[in-house]
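[1] predicted model follows, preceded by the sequence.
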Amino acid sequence: MNLIIMGPPGAGKGTQSRRLGEHLAVPVISTGEMLRDEIKRKTTLGAQAKRHMDKGELIPDSLMIGVIEERLKRSDCARGFILDGFPRTVAQADALHKMLGENGSSLEHAVSLAVPNDELLKRLSGRRTCRDCGAMYHIIFDPPTNAGLCNKCNGELYQRDDDYEDIISSRLEVYESQTSPLLDYYRGHRQLLEVDGIGGRDDVLARILKRLGISQS
Ligand code: AMP
């Protein structure tokens, strides 16, 4: 199954994509994580991406489309994939449609997680991410067992540079202006599944699986 998980920053795309990926046994392709990894490895792409990410802006379409095109060619995507954070613009959605079509493939669904802005702000400003495995926590709603350390791999938890309040507002504005038009785009293609993203992780996952018509066992 080829899926997109969409939604504003903080809607739970990363968390739900990972869980859905485990459930469906398909790879999760997170463009945000790929870019953060490029930054960590100090590559040219990482340096270009950082300039935009630090301001809460999107990376140019031409760069992002190239990255995804390469990634989708890898053999692990043959049985399906979940895209977390791509596409984020109509140009990216068009490019994805074309890429898949050229391989005789297509997208099954675009799952959009809906969460109001005040809740997104609370979630993002308290979010902590593991430097090593990317697992996410919240200092109040979902703290790790040992402060500052990941439950899964004991890696160091940090606050992403773009999870500070001034950058969060820019990211929310960018979502409204550049990414939310994709809701109409996928609605028009009859691929959009809108899911309430409020509530616990298990509840949200159960809602997504139900909309996808997949049994939870
Ligand atoms: P995320 O981890 O999905 O919240 O992404 C973090 C940041 O990476 C975003 O705010 C953008 O700066 C950049 N980014 C991730 N995916 C894309 C994309 N598809 N197009 C452009 N920029 C992206």
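    Great, that's in hand. Numbers count the residues shown, from 1 in each chain.

[2] check the chain for the residue nearest the ligand and tell me.
    In the chain, the residue that lies nearest the ligand is G32 (1.9 Å; C-beta to the nearest ligand atom). For glycine as for every other residue, the C-beta is placed from the backbone atoms N, C-alpha and C.

[3] so that residue: helix, strand or coil?
    Going by DSSP: H, G, I helix; E, B strand; the rest coil, the secondary structure assigned to G32 is helix.

[4] tell me the contacts of the closest residue to it other than its chain neighbours?
    Spatial nearest neighbour of G32, chain neighbours left out: G85 (4.8 Å); criterion: C-beta to C-beta, 6 or more residues apart in numbering. Contacts for G85 (C-beta atoms under 8 Å, 6 or more residues apart in numbering) come out as 13-14, 30-32.

[5] want to try TSV for those residues, with neighbour count and pLDDT as columns?
    As requested, those are arranged in TSV below (neighbours: other C-beta atoms under 10 Å; pLDDT from 0 to 100):
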residue	neighbour count	pLDDT
K13	25	96
G14	22	93
S30	21	96
T31	20	97
G32	21	94
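
[6] quick check, nearest of those residues to G199?
    Nearest to G199, judged by C-beta to C-beta, of the contacts of G85 is K13 at 15.2 Å.

[7] up against the ligand, what does the protein have?
    With C-beta under 6 Å from any ligand atom as the criterion, the chain comes near the ligand at residues 9, 31-32, 35, 52-53, 56-59, 64, 85-88, 92, 162, 171.

[8] just give me the closest of the contacts of G85 to K40.
    The nearest member of those to K40, counting by C-beta to C-beta, is G32 at 12.7 Å.

[9] surely the closest one is in contact with D84?
    Yes - applying C-beta atoms under 8 Å as the test, G32 and D84 come out as touching, 7.4 Å apart.

[10] which neighbours do those two have in common?
    With C-beta under 8 Å, 6+ apart, G32 and D84 have common neighbours G14.

[11] so which of the residues of the chain next to the ligand are in helices?
    Judged by DSSP state H, the residues of the chain next to the ligand include 31-32, 35, 52-53, 64, 92, 171 as members of helices.

[12] what about the residue of the chain most remote from its centre, which SS state?
    Ranked by distance from the centre of the chain (C-alpha atoms, centre = their mean), the top residue is N146, with 26.1 Å. Each residue gets one of three states, and N146 gets coil by three-state DSSP.

[13] so which bits of stretch 26-46 are buried?
    Judged by neighbour count using 16 or more other C-beta atoms under 10 Å, the buried positions of stretch 26-46 are 26-36, 38-39, 45-46.

[14] could you measure from I68 over to H52?
    16 Å (C-beta to C-beta, to the nearest Å).
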